[in-house]
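1. Return atomic coordinates for the entry below.
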Amino acid sequence: MRRLLGSLVALVVAAGAAVLTWPSAFGVERVFPIAQVISFRAPLAAVMIATALLMLLFAFIRPLRALALVLALIFGVSGGVNAAILSQRGLGSEDLPAKTATSLRVMTWNTAGSATSAESIAQFAVGMQADVVTLPETTIDTGAQVAEMMRDMGQPMWAHHAEYGEYGITGWDATSTTVLIRPELGDYSVIESSLDGSSNTSTVPSAVAMPTSGDGPIIVAAHAVAPRRDYMTQWRSDLQWLADQCASDNVILAGDFNATLDHMTGMGVDGGTLGRCHDTASESGNGGVGTWPTDAPAMLGAPIDHVMATPDWTVSGSVVMRSLDGSGSDHRPIVVQLERTAG
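-> Alright, predicted model coming up:
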């Protein structure tokens, strides 16, 4: 009986570890509550490895030895695989190369509304020589202030936005998403369907800025709803909508996706991560660095903010900025440098 019970415990633990390590193999990467747990692979790996060590201690107790050793093996392998996946995606690189005349720098930062000052945003954007800045949870009033400050610092920007609801009454900054674009990229206009919500993310808005002159990329300032229990259907719909924006050529998709790469498994097309867009952070050594929340160490956070691009663009470097954790926002900004793909 003891042996049978031990076997059942080992099987249940092995199944649970497998689901959390390879959720896509079971088709549960976008299912509550698995989706929430796998957002934090680093803490998950740490807990598994710590549990494996604890099981080794229990192995000194003779009646528990066999089961403890089996569980140590299960937790050790699962923890190691999780750590390896994070390492493959990148545990942190700040190798942002010198900007050239052909480089495009894209910055995204969920500012948590008024928690982050316009001055902080402007100073960081100018310091990073950003050509495109997407700002989820940022009103157009704040965006206009940022653009004016950047102009005064010698780097003018045009401000565009999309919003839902009556911001002035609700007071919820998440109902607005702003995007700043350097005039050198040409003239841009936010398409009507993202303004009136007929084609947009479900609960908080994204802004689709189309070039009306020049050869600049389509810029999508993304904001998907958080995968809370009551919003799982909307969250999945938002991710699919964002994937659909990457169906055409020359698209840059940047913002708060409220999703890690694990959640996007199976949503890529033609080798892309989401639609035809590829994730630039994971291609430049930062895909495992947490962008939320800022009150946790970056390596224990969830990488839910992304800059993505269609194959027209190649990433040459990226940085997840950790020095701004005290700026007010609960998200870390990302800056990515892109180059036009040759050929």
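2. going forward, measure contacts and count neighbours with C-alpha atoms only.
-> OK.
3. how about the strands in the stretch 151-300 of the chain?
-> 158-163, 176-181, 188-190, 207-211, 218-223, 251-256, 278-279 (DSSP state E, counting those that start in this stretch).
4. Including mean pLDDT, mean neighbour count and distance to residue 264, could the ones you listed go into CSV?
-> Formatted as CSV, the strands of the stretch 151-300 of the chain follow (pLDDT from 0 to 100; neighbours: other CA atoms under 10 Å; distance: least, CA to CA, whole Å):
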stretch, mean pLDDT, mean neighbour count, distance to residue 264
strand 158-163, 94, 24, 24
strand 176-181, 97, 27, 22
strand 188-190, 96, 19, 26
strand 207-211, 96, 24, 20
strand 218-223, 98, 28, 15
strand 251-256, 98, 28, 14
strand 278-279, 98, 24, 10
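5. wait, which of these is closest to residue 239?
-> Set against residue 239 and scored by CA to CA, these come closest in strand 218-223, at 9.4 Å.
6. elements contacting the closest one?
-> The contact analysis (3 or more CA pairs under 8 Å, 6 or more residues apart in numbering; DSSP states H and E) places strand 218-223 against strand 132-136, strand 176-181, strand 207-211, strand 251-256.
7. go with 10 Å
-> Judged by 3 or more CA pairs under 10 Å, 6 or more residues apart in numbering; DSSP states H and E, strand 218-223 is in contact with strand 132-136, strand 158-163, strand 176-181, strand 188-190, strand 207-211, helix 232-244, strand 251-256, strand 305-309.
8. and the longest one, which residues are buried?
-> Residues 232, 234-244 are the ones in helix 232-244 that count as buried (16 or more other CA atoms under 10 Å).
9. Any chance of those in a markdown table with pLDDT and distance to residue 282 as columns?
-> Below are those laid out as a markdown table (pLDDT from 0 to 100; distance: CA to CA, whole Å):
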| residue | pLDDT | distance to residue 282 |
| --- | --- | --- |
| 232 | 98 | 25 |
| 234 | 96 | 26 |
| 235 | 98 | 22 |
| 236 | 98 | 22 |
| 237 | 97 | 24 |
| 238 | 97 | 21 |
| 239 | 98 | 18 |
| 240 | 98 | 20 |
| 241 | 97 | 22 |
| 242 | 98 | 18 |
| 243 | 98 | 17 |
| 244 | 97 | 21 |
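10. What is the nearest of these to residue 279?
-> Distance to residue 279, by CA to CA, is smallest for residue 243 among those, at 11.9 Å.
11. tell me the contacts of the nearest residue to that closest one once chain neighbours are set aside?
-> Closest residue to residue 243 apart from its sequence neighbours, by CA to CA, 6 or more residues apart in numbering: residue 275 at 4.3 Å. Residue 275 makes contact with 239-248, 264, 266-269, 309-310, according to CA atoms under 10 Å, 6 or more residues apart in numbering.
12. Same question for residue 88.
-> Residues near residue 88 by CA under 10 Å, 6+ apart: 82, 282-283, 285-288.
13. Verify the contact between residue 135 and residue 181 for me.
-> No. In this structure, residue 135 is not within contact of residue 181 by CA atoms under 10 Å, at 11.4 Å.
14. List the buried residues of stretch 120-138.
-> In stretch 120-138, the ones that count as buried by 16+ other CA under 10 Å are 121-122, 124-126, 128-138.
15. Going along the chain, name the strands of the stretch 1-150 of the chain.
-> Using DSSP E, counting those that start in this stretch, the strands found in the stretch 1-150 of the chain span residues 104-108, 132-136.
16. And those strands: which comes nearest residue 303?
-> For the strands of the stretch 1-150 of the chain, the distance to residue 303 is smallest for strand 104-108, at 12.9 Å, taking CA to CA.
17. so what secondary structure elements neighbour that closest one?
-> helix 118-127, strand 132-136, strand 176-181, strand 251-256, strand 305-309, strand 313-320, strand 334-340.
18. so what strands line up beside it?
-> Strand pairing for strand 104-108, using DSSP bridges, gives strand 132-136 (parallel), strand 334-340 (antiparallel).
19. Now tabulate those in JSON lines and tack on distance to residue 114 and mean pLDDT.
-> Output for the strands paired with strand 104-108, formatted as JSON lines (distance: least, CA to CA, whole Å; pLDDT from 0 to 100):
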{"stretch": "strand 132-136", "distance to residue 114": "12", "mean pLDDT": "98"}
{"stretch": "strand 334-340", "distance to residue 114": "19", "mean pLDDT": "97"}
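20. Please name whichever of those is nearest to residue 164.
-> Residue 164 lies closest, by CA to CA, to one member of the strands paired with strand 104-108: strand 132-136, at 12.4 Å.
21. Send me the closest one as CSV with only the CA atoms.
-> C-alpha atoms of strand 132-136 as CSV (Å, rounded to 0.1, in the frame of the first residue of the first chain):
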residue,chain,number,x,y,z
VAL,A,132,9.2,55.8,-31.4
VAL,A,133,7.8,55.8,-27.9
THR,A,134,4.7,53.8,-27.0
LEU,A,135,3.1,54.7,-23.7
PRO,A,136,0.2,52.5,-22.4
